[in-house]
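K.L.:
no FASTA, just this:
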């Protein structure tokens, strides 16, 4: 670290605050699952991370996705490109729960056909029952291996609670224009959709914001 860099760090001024969310720039995914009646559900999420071919998904306990994954392990983590942000946002105020849970009824509405409402296209998976999203350049077929109830955070409890869902990735589909050789993804061409404090970004300028954004 240079002397000038050290000096600039020393000059930083800080404020203590309690932001409503801690989304310091996370990728967006659309998770597809299977409803009890066999129809597909599709929901946006931005709380997930990967280690090897395992992923941990943070999901609202009151969501239809959470219910579906407790009853059927099949799911697909679909990775949208930045140009799909408006399709993602169409899903944001929707829920597959009917009736809408009490904590959501003022801002969310029930929608049975999530694919139709979002303008996205279901595509049959190769291993799992849940469909992929045809327009997403990344599609990860997966099965749930374990579900953990998250507790201790009053903010989570006030929002209805949440679960951390462990899934094993079984098959990865990547649009060919982002593939290098036989097993690598080109980081110079791959562009994830980023959720940054409830605003949508690519790896560049802001694209728009979710209906829940307060800035």
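P.N.:
Sure, I can see it. Keep in mind it's a predicted model, so treat the numbers as computed, not measured. Residues are numbered from 1 along each chain as shown.

K.L.:
helices and strands of this structure: which one bottoms out on pLDDT?
P.N.:
helix 3-10 (a mean of 57; mean pLDDT, DSSP states H and E).

K.L.:
neighbouring strands for the helix or strand following that one, and are they parallel or not?
P.N.:
Where DSSP states H and E defines the elements, the next helix or strand beyond helix 3-10 is strand 24-27. Its sheet considered, strand 24-27 pairs with strand 194-196 (antiparallel) by DSSP bridges.

K.L.:
Report the buried residues of the strand it pairs with.
P.N.:
194, 195 (16 or more other C-beta atoms under 10 Å). Every residue, glycine included, has its C-beta placed from N, CA and C.

K.L.:
go on, stretch 89-103?
P.N.:
89, 90, 91, 94, 95, 96, 97, 100.

K.L.:
ok, now stretch 130-149?
P.N.:
Using 16+ other C-beta under 10 Å as the test for burial, stretch 130-149 gives 130-133, 135-144, 147.

K.L.:
And stretch 37-56, by the same measure?
P.N.:
40, 41, 42, 43, 44, 45, 46, 47, 48, 55.

K.L.:
now those residues in TSV, with distance to residue 26 and secondary structure?
P.N.:
Shown next, in TSV, are the buried residues of stretch 37-56 (distance: C-beta to C-beta, whole Å; DSSP: H, G, I helix; E, B strand; the rest coil):
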residue	distance to residue 26	secondary structure
40	24	strand
41	21	strand
42	19	strand
43	15	strand
44	12	strand
45	9	strand
46	5	coil
47	7	coil
48	8	strand
55	13	strand
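
K.L.:
how about the helices in the protein?
P.N.:
Secondary structure of the chain (DSSP state H): helices at 3-10, 64-71, 85-91, 114-118, 154-158.

K.L.:
who's the closest residue in space to residue 104 that isn't next to it in sequence bridged to?
P.N.:
Once flanking residues are discounted, residue 104 sits nearest to residue 95: 6.0 Å by C-beta to C-beta, 6 or more residues apart in numbering. Counting by DSSP bridges, residue 95 is bridged to residue 110.

K.L.:
follow-up on the earlier one: and the two most separated of the buried residues of stretch 37-56?
P.N.:
Using C-beta to C-beta, the two most remote members of the buried residues of stretch 37-56 are 40 and 47, lying 21.2 Å apart.

K.L.:
Look at the closest residue to residue 177 other than its chain neighbours and report its pLDDT.
P.N.:
Leaving out its chain neighbours, the residue that sits closest to residue 177 by C-beta to C-beta, 6+ apart is residue 189, at 6.7 Å. We note a pLDDT of 92 for residue 189 in this prediction.

K.L.:
residues near residue 189, how many?
P.N.:
Residue 189 has 12 neighbours, counted by other C-beta atoms under 10 Å.

K.L.:
gap between it and residue 150?
P.N.:
35 Å (C-beta to C-beta, to the nearest Å).

K.L.:
what does residue 142 give?
P.N.:
Distance from residue 142 to residue 150, by C-beta to C-beta: 20 Å.

K.L.:
which ones are touching residue 27?
P.N.:
46, 48, 79, 192, 193, 194, 195 (C-beta atoms under 8 Å, 6 or more residues apart in numbering).
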